[in-house]
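Q: need the 3D shape of this:
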Amino acid sequence: MCAKKEGGLPVSENSNYDDPIPSERLKKALYQATAVLGRAAQDAVFYDLELEGIAFNKQSYTLRQIHDALKSTFGEGSALLMKRLEKELKEQ
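A: The predicted structure follows:
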């Protein structure tokens, strides 16, 4: 079951949006989570993230950083991407 935290972040009970996640793991999960969008849209998501400072060149990022970057582009639609991202991270 998904609940909403302060700020509208969709989180499952076992996730913490402030825990660092290794960049490579996060990039792989995000790539899988956005695969349903098609390659062009997927590339656009990663491009938009890079414009927001998420270039996957740091050692780690938090889900909060990813959410904030996605929200600047997708608004409330970022919640759906975050749910898919969380699912992919749990399956890794």
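Q: could I get stretch 17-25 in CSV with only the CA atoms?
A: The C-alpha trace of stretch 17-25 is given here as CSV (Å, rounded to 0.1, in the frame of the first residue of the first chain):
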residue,chain,number,x,y,z
TYR,A,17,13.3,9.3,0.4
ASP,A,18,16.4,10.6,2.1
ASP,A,19,18.6,7.5,2.0
PRO,A,20,21.4,7.7,-0.6
ILE,A,21,21.1,5.1,-3.4
PRO,A,22,24.2,4.3,-5.6
SER,A,23,23.9,6.1,-8.9
GLU,A,24,24.4,3.1,-11.1
ARG,A,25,21.6,1.2,-9.2
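Q: that one: how far from the chain's middle?
A: Here the centre of stretch 17-25 is set off from its chain's centre by 10 Å, with CA atoms, centre = their mean, to the nearest Å.
Q: repeat that for stretch 29-44.
A: Computed by CA atoms, centre = their mean, the chain-centroid distance of stretch 29-44 equals 11 Å.
Q: and for that stretch, what's in contact with it?
A: Residues from elsewhere that reach stretch 29-44 (CB atoms under 8 Å, 6 or more residues apart in numbering): 45-46, 49, 66, 81, 84-85, 87-89, 92. Yep, even glycine has a C-beta here, placed from its N, CA and C like the rest.
Q: ditto for stretch 61-78
A: Everything outside stretch 61-78 that qualifies as a contact, by CB under 8 Å, 6+ apart, is 8-9, 15-21, 23, 26, 30, 45, 48-49, 52-54, 81-82, 85-86.
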